[in-house]
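Asker: no letters, just coordinates:
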């Protein structure tokens, strides 16, 4: 049923930490895929934060196709990173893995960040569509200061395959998922985490309400809502829709995916709003079983569950570094020195939010409609 | 009562019992000649008769025939088409000795003859097709297994609720954020339409007048009990024919959807009562059409228009009340229908949802598209060909209309295309519970795209033992002779019906339905919201139907 390992920190980390955490949760993933999304990059990328990074894979003989498309769009290649592949038994090299840093096309230099971001989403989707015809190009993310790596295999072996421990890839926020493929075919696009315009999520569990949610998202008229090789991709898109498109504060993500009952809503100060939201966003309600971990463009990380909490999740750490993971053994592996009695196991009404910089942990209690700063974790 | 074969010794122009849809099986050895069967028969299809029995007997080893005659008393089925046996089996019900029952005759030629005097056959009930409907053939095939454990219908919290009313698109909600908290922007001029949260199975429109006083009262009591005691927010549509004034001005009105149809019966009383109404009704349904008799108007036969009904409807007693096939004010959907929706909204201060009901039709999408553009249209109710009625021409019942499954599916997918699947709820009706599977049929329609379903005929059958079925059993609703006292205004008949029992049964039926819905949704892993449009959960063993409905073909 997949295992999730996210770390948010105030200093740069190696993704090997996440992989080490996944290794402790090995019973829960079956080598059917690992995805890494790194945000707030260090290492080779520390000085290039303003430029969009295109992450993906292309067949060796299709690099020209990629170059030709990006040139045509007016993107100027500044730098390309490619992992130093160390062949591993059980991992087959799919092609040329890349993280390419581009400068924006001339007309986009003077326009707003929003418009630039929309260009990046469109470009990624178009590239994806070009590549889908023959499997020649896979494009996972195209956004400043974010890199995505995905491949089928055991996480530890993939870490070695990509030589992730060589210090070139470092980041302050890293999401990692070890996949347990369930009822969909093994497809790299079905591998979490999913990324869209600065928002990323990874999920543990299946989404029984997938089809109506997908239809609702696809009918919103936003070109980015496409793909859906995995039923979990909708969690990233719901987050994007709620926070980016509708402009709601992040804690309302919880109210959208797991709304309160009418009686409970009447206890909240903003009940009028919640009754309306519940109706208007009825199609985005999830029924689980899910644990969702993600981040928003400003570097806020969160963990949230479906209302029946049928998937595990724990948040633990120390000011400056927190883990959001499926199992406590993963947290133990990364931050053994913490006081584990202070670990947070979010319940039905909770949304755990770790603000950028990982200085503290906030718990949004949906029923009370207020943030509780977890003083135990405050610096 | 005439027995035509007596008039013509050659028996031509006389029907044989084999021409009749039901043939009475009478057992002389059991009958004690009490006469209860003949007196209860709503059709006068059986009659006590005195016959001369002639036998030839011979005693001893050498034939010595002698003729003996005796007078016997029998129960005889009439061969007069006006007095055909409807198969209602009231005779069997009252017989103390189980001496009589009707048997269905599949070879009958009833429809060949039931047009005497140039008058086409009229009846109540629904389409006479006993085969399982598409809704009954749909299976729920997405069962949550080990990868996503099923929910527990008994233990988990379920919310079997839906909305009636136009739901604003999220993109235009008048919200503003203050310090990370959302509030309603009161300065916005965006109209927030009224929306009701209800149980997704609605009791469809059956009017005061079509139904007897105890039947209507029983349903109304059951609806109130379900809401107030059981906490199940079920609503009931009044049908065209107004509302008893004491209900109209009571606090229970909120559980009722008032229907206005082309005859506007009862609306004079309703309009005049508006100043005295203490709670808003649940909604207004504007009936443009009905699945049982598409393109045909309503009809309440004169024999049902007694004083009470006449008062509620604001008409003289004892006259046929025909609603025209179409609203006389209906010029176009763009203008007249929009105006009617707005007028009804305005009459109630834009506080209640107003939606039209049409019959299933190939043109439903055209109606839908117009309503999708009308900001005051609160829903669209579509009544499929298997819908029931109290009175209609047989040809309308049997041959006119559109099956509900593909109609709802097409409309839902059209709304999906426009991104309005949540904005404009679809209400599906027509044949829900035809084979007794109320919850399963409702769930299938919901997963095809309906936000709610309406059910009428099943409710009459389940709460008051309505005898009608799809082999044309009984179906006498139009005649005022309903032997169960459901669809009659004859006190001698409706006294048979106990409104308390009807109410109790309605509560049973809806509570059981709620549990069955949970038992359907739980294994699919759905509990928080109604699985509207969850078509990946549906399968059917017919490739063409699967392709048409865009669901799985399973075998």
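Answerer: Thanks, I have it. Everything numeric in this text was worked out from a predicted model, so none of it was measured.

Asker: rest of the way, CA atoms for contacts and neighbours
Answerer: OK.

Asker: how about the residues of chain B by chain A?
Answerer: By C-alpha under 8 Å from any C-alpha of the partner chain, the part of chain B that sits against chain A consists of B:147-149, B:156, B:163, B:167-171, B:175, B:177, B:180-184, B:416-419, B:421-423, B:524-529, B:531-536.

Asker: only the buried subset of the residues you listed, as a PyMOL command please.
Answerer: A single PyMOL command is used to select the members of these judged buried by 16 or more other C-alpha atoms under 10 Å in any protein chain shown:
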select buried, chain B and resi 148+149+163+167+168+169+170+175+181+182+183+184+416+417+419+421+422+423+524+525+526+527+528+529+531+532+533+534+535+536
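
Asker: for residue B:36, what are phi and psi?
Answerer: Main-chain dihedrals, residue B:36, degrees, to the nearest 10: phi -70, psi -40.

Asker: give the contact list for it.
Answerer: Contact partners of residue B:36, counting by C-alpha atoms under 8 Å, 6 or more residues apart in numbering or on different chains, are B:91, B:94, B:95.

Asker: who wins on neighbours among those?
Answerer: residue B:91 (24 neighbours; other C-alpha atoms under 10 Å in any protein chain shown).

Asker: can you name the residues that contact residue 109?
Answerer: No chain in the question, so chain A it is. Contacts of residue A:109 by C-alpha under 8 Å, 6+ apart: none found.

Asker: looking at chain B here, not the other one
Answerer: B:19, B:20, B:21.

Asker: hmm, try it at 7 Å
Answerer: The contact partners of residue B:109, by C-alpha atoms under 7 Å, 6 or more residues apart in numbering or on different chains, come to B:19, B:20.

Asker: now do it against chain A, distance only.
Answerer: 49 Å (C-alpha to the nearest C-alpha, to the nearest Å).

Asker: per-residue confidence for that residue?
Answerer: pLDDT recorded at residue B:109 is 96.

Asker: for residue A:101, same thing?
Answerer: Looking at residue A:101, the pLDDT reads 96.

Asker: which stretches of the stretch 251-379 of chain A form helices?
Answerer: Taking DSSP state H, counting those that start in this stretch as the test, the helices found in the stretch 251-379 of chain A are A:252-257, A:262-265, A:271-280, A:328-334.

Asker: nearest to chain B, out of these?
Answerer: helix A:271-280 (5.4 Å; C-alpha to the nearest C-alpha).

Asker: quick check: buried residues in that closest one?
Answerer: Those would be A:271, A:273, A:274, A:275, A:276, A:277, A:278, A:279, A:280, for helix A:271-280 by 16+ other C-alpha under 10 Å.

Asker: ok, and the closest non-adjacent residue to the first one?
Answerer: Read that as residue A:271. Spatial nearest neighbour of residue A:271, chain neighbours left out: residue A:265 (5.4 Å); criterion: C-alpha to C-alpha, 6 or more residues apart in numbering or on different chains.

Asker: okay but residue A:211 is in contact with residue B:531, surely?
Answerer: No. Residue A:211 is beyond contact range of residue B:531, at 9.6 Å (criterion: C-alpha atoms under 7 Å).

Asker: the residue in the stretch 1-150 of chain B positioned nearest to chain A: what's it in contact with?
Answerer: Across the stretch 1-150 of chain B, no residue is closer to chain A than residue B:148, which sits at 5.8 Å (C-alpha to the nearest C-alpha). Neighbouring residues of residue B:148 by C-alpha under 7 Å, 6+ apart: A:205, A:206, A:289.

Asker: that one and residue B:203: what is the separation?
Answerer: 35 Å (C-alpha to C-alpha, to the nearest Å).

Asker: picking that back up, for ChimeraX, what selects the buried ones among the contacts of residue B:148?
Answerer: Only the buried entries of the contacts of residue B:148 go into this ChimeraX selection, using 16+ other C-alpha under 10 Å:
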select /A:205,206,289
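
Asker: looking at the contacts of residue B:148, which are in strands?
Answerer: Under the assignment DSSP state E, these contribute nothing to strands.

Asker: tell me where the model's unsure across the stretch 51-200 of chain A.
Answerer: A:181-186 (pLDDT under 70).

Asker: pretty sure residue A:66 belongs to a helix, no?
Answerer: Yes. Counting by DSSP: H, G, I helix; E, B strand; the rest coil, residue A:66 falls inside a helix.

Asker: what's the separation between it and residue A:54?
Answerer: Applying C-alpha to C-alpha to residue A:66 and residue A:54 gives a distance of 11 Å.

Asker: same check on residue B:216?
Answerer: From residue B:216 to residue A:54 the distance is 68 Å (C-alpha to C-alpha).

Asker: so between these two, which is more surrounded?
Answerer: residue A:54 (25 against 22).

Asker: got a list of what the more buried one touches?
Answerer: Going by C-alpha under 7 Å, 6+ apart, residue A:54 touches A:99, A:100, A:101, A:141, A:142, A:143.

Asker: pick the one among the contacts of residue B:148 closest to residue B:410.
Answerer: residue A:206 (28.1 Å; C-alpha to C-alpha).

Asker: ok, then the element right after the longest helix along chain B?
Answerer: When chain B is parsed with DSSP state H, its longest helix is helix B:499-521. Using DSSP states H and E, the helix or strand that follows helix B:499-521 in sequence is strand B:538-540.

Asker: next, count neighbours for the closest residue to residue B:26 other than its chain neighbours.
Answerer: In space, and not counting its chain neighbours, residue B:26 is closest to residue B:100: 4.5 Å by C-alpha to C-alpha, 6+ apart. Residues near residue B:100, counting by other C-alpha under 10 Å, number 23.

Asker: in the stretch 201-350 of chain A, what residue comes closest to chain B?
Answerer: residue A:219 (4.4 Å).

Asker: give the contact list for the residue lying closest to that residue once chain neighbours are set aside.
Answerer: In space, and not counting its chain neighbours, residue A:219 is closest to residue B:419: 4.4 Å by C-alpha to C-alpha, 6+ apart. Residue B:419 makes contact with A:216, A:219, A:220, according to C-alpha under 7 Å, 6+ apart.

Asker: residues making contact with stretch A:346-353?
Answerer: By C-alpha under 7 Å, 6+ apart, the residues outside stretch A:346-353 that reach it are A:254, A:300-305, A:307-309, A:314, A:361-367.

Asker: any weak-confidence spans in the stretch 101-250 of chain B?
Answerer: Judged by pLDDT under 70, the stretches of the stretch 101-250 of chain B that qualify are B:147.

Asker: tell me where it has helices.
Answerer: B:110-113, B:134-137, B:213-228, B:245-248.

Asker: over to the stretch 51-200 of chain A?
Answerer: Taking DSSP H, counting those that start in this stretch to define them, one finds helices in the stretch 51-200 of chain A at A:63-73, A:113-132, A:155-161.
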